[in-house]
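Engineer: structure for this input, please:
(2 chains)
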Protein chains: 2
Amino acid sequence: MSGTPCPLCEGEGGLVVARTPKFRVVRVVEGDEARRFPAFYRLIWNEHVAEFSDLAAADRHACMDAVTAIERVLRAELAPTKVNLASLGNVVPHLHWHVIARFEGDSHFPAPIWAAALREPPADAAARLPLQRVDAAIARALSGAGL
Amino acid sequence: MSGTPCPLCEGEGGLVVARTPKFRVVRVVEGDEARRFPAFYRLIWNEHVAEFSDLAAADRHACMDAVTAIERVLRAELAPTKVNLASLGNVVPHLHWHVIARFEGDSHFPAPIWAAALREPPADAAARLPLQRVDAAIARALSGAGL
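Structural biologist: So this is what the prediction gives:
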């Protein structure tokens, strides 16, 4: 690796809502992303690997089973218009999956969150969503799944 | 579903490089995306489902095993700076995974491909890459994997 410290090795990367020996799940709670997309979660692999294909098959399956569990909680609790999944890592090449509940009327919909905003986000976007209930449901889903 | 025809039910969605009973893999060969990101593949699920979590576990695992196989071919053949994976579907809610080889110096790196361009793409970006060899290697990898 280069000499640059990795922010996902040095820090949690968000508000931790679940933790397993292999990964943690955080909610993005800071900055514009959190304001625009309040139900924005990340599964962050604990070990510093860059690419999804660096994982062994059992770890890949466990990783995506957890991403799926998060997606299912978002759908059950929030009924989003769409869930977006992405593992990019161009800036921080430490494996992490974005799991984002998208809503018609959010600042970017139907564009990806990384595109230019199409409108101002609703002022009370976060307040409308039962985020602590979602956090708790994700924690339960992951502990129940034995991941 | 709404009355709007789905472009991924009506058409292939790109140049087909591999096909299984459950999904196909295409290379994006048209438009700005292909010019800017020549090694841009999509795994398109054949059945019209919107979300990854709509799939049964065995299908999800097979789907991501195939995404991983594509990623590994891109890494082996092209040594990209990073591989980007994403399933968004806000505009076309028919399950498809983007698998994109990213290179330092491409028009957007390190930004996501959906963000504003940072520079002009190299004029010969596509010509530099052995895309037909990559297509063939993906086809081999998926047929060999029994997916």
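Engineer: helices along chain A, start to end?
Structural biologist: With helices called from DSSP state H, chain A shows them at A:7-10, A:31-36, A:57-78, A:125-128, A:131-144.
Engineer: now render these as TSV, adding mean neighbour count and distance to chain B.
Structural biologist: (C-beta placed from N, C-alpha, C; glycine too.) Shown next, in TSV, are the helices of chain A (neighbours: other CB atoms under 10 Å in any protein chain shown; distance: least, CB to the nearest CB, whole Å):
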stretch	mean neighbour count	distance to chain B
helix A:7-10	14	14
helix A:31-36	14	12
helix A:57-78	20	4
helix A:125-128	14	17
helix A:131-144	17	11
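Engineer: and the ones you listed, which one's lowest on average pLDDT?
Structural biologist: Mean pLDDT is lowest for helix A:125-128 among the helices of chain A, at a mean of 81.
Engineer: export it as CSV, just CAs?
Structural biologist: Extracted in CSV, the C-alpha atoms of helix A:125-128 (Å, rounded to 0.1, in the frame of the first residue of the first chain):
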residue,chain,number,x,y,z
ALA,A,125,-35.7,14.6,4.9
ALA,A,126,-34.0,13.0,7.8
ALA,A,127,-36.7,13.9,10.3
ARG,A,128,-39.3,12.0,8.2
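Engineer: now residue A:96, nearest residue through space, not along the chain?
Structural biologist: Nearest residue to residue A:96 in three dimensions, chain neighbours excluded: residue A:44, at 4.5 Å (CB to CB, 6 or more residues apart in numbering or on different chains).
Engineer: likewise for residue A:30?
Structural biologist: Nearest non-adjacent residue to residue A:30, counting by CB to CB, 6+ apart: residue A:14, 7.7 Å away.
Engineer: OK, contacts around the one you found?
Structural biologist: Counting by CB atoms under 8 Å, 6 or more residues apart in numbering or on different chains, residue A:14 touches A:26, A:27, A:28, A:29, A:30, A:42.
Engineer: for the third one, which residues are in contact?
Structural biologist: Under the criterion of CB under 8 Å, 6+ apart, the contact partners of residue A:28 comprise A:14, A:15, A:34, A:37, A:40, A:41, A:42.
Engineer: my guess is residue A:71 meets residue A:100, correct?
Structural biologist: No. Contact status for residue A:71 versus residue A:100: not in contact, 9.8 Å apart, counting by CB atoms under 8 Å.
Engineer: anything in contact with each of the two?
Structural biologist: Counting by CB under 8 Å, 6+ apart, the contacts common to residue A:71 and residue A:100 are A:83, A:85.
Engineer: if I look at residue A:49, how far off is residue A:12?
Structural biologist: Residue A:49 sits 17 Å away from residue A:12, going by CB to CB, to the nearest Å.
Engineer: ignore the last one, residue A:71
Structural biologist: Per CB to CB, residue A:71 is found 21 Å from residue A:12.
Engineer: turn the helices of chain A into a markdown table, columns for distance to residue B:108.
Structural biologist: Output for the helices of chain A, formatted as a markdown table (distance: least, CB to CB, whole Å):
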| stretch | distance to residue B:108 |
| --- | --- |
| helix A:7-10 | 21 |
| helix A:31-36 | 18 |
| helix A:57-78 | 24 |
| helix A:125-128 | 27 |
| helix A:131-144 | 31 |
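Engineer: to residue B:96, which of those helices lies closest?
Structural biologist: Ranking the helices of chain A by proximity to residue B:96 (CB to CB) places helix A:57-78 first, at 15.6 Å.
Engineer: count of residues packed around residue A:114?
Structural biologist: 18 (other CB atoms under 10 Å in any protein chain shown).
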